[in-house]
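S.K.: Just the structure for this:
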Amino acid sequence: MKVRLLKFLFEMVIGLVIFSLCTLIFYTSISIPFLIRDHRYWQIAGLFLMGGFISEELIKEVKEIK
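M.R.: Below you'll find the model as predicted:
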């Protein structure tokens, strides 16, 4: 249980880092070569990543309860 919780928190942190990095790039208009045009897509990808991890963990918890 602790290992899964740590894995979940680690994945959430990765998603938040991706999202906040891309938000920072979006609002400050920093031109990092590989993110010049695609920063919005990376930001959306960070959100989907977080949402995917949250739903995956919730499904596992519900199955364990049953």
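S.K.: ranges for the helices of the protein?
M.R.: Assigned by DSSP state H, the chain shows helices spanning 2-28, 39-65.
S.K.: who are the neighbours of the first one, in terms of helices and strands?
M.R.: Judged by 3 or more CB pairs under 8 Å, 6 or more residues apart in numbering; DSSP states H and E, helix 2-28 is in contact with helix 39-65. Yep, even glycine has a C-beta here, placed from its N, CA and C like the rest.
S.K.: averaged over its residues, what pLDDT does the helix it packs on have?
M.R.: Taken as a whole, helix 39-65 carries a mean pLDDT of 70.
S.K.: Ok, stretch 3-10 next?
M.R.: Stretch 3-10 carries an average pLDDT of 78.
S.K.: list the buried ones in it?
M.R.: Going by neighbour count (16 or more other CB atoms under 10 Å), the buried part of stretch 3-10 is Phe8.
S.K.: what residues does that stretch touch?
M.R.: Among residues not part of stretch 3-10, those counted as contacts by CB atoms under 8 Å, 6 or more residues apart in numbering are 53, 57, 60.
S.K.: run the last query once more with 10 Å
M.R.: Here stretch 3-10 makes contact (CB atoms under 10 Å, 6 or more residues apart in numbering) with 53-54, 56-57, 60-61, 64.
S.K.: right, and out of those residues, which lies closest to Ile18?
M.R.: Using CB to CB, Phe53 comes nearest to Ile18 of these, at 11.7 Å.
S.K.: Can you get me a residue count around the residue nearest to that closest one when sequence neighbours are not counted?
M.R.: In this structure, Phe53 finds its nearest non-sequential neighbour in Glu11, 4.4 Å apart by CB to CB, 6 or more residues apart in numbering. By the criterion of other CB atoms under 10 Å, Glu11 has 17 neighbours.
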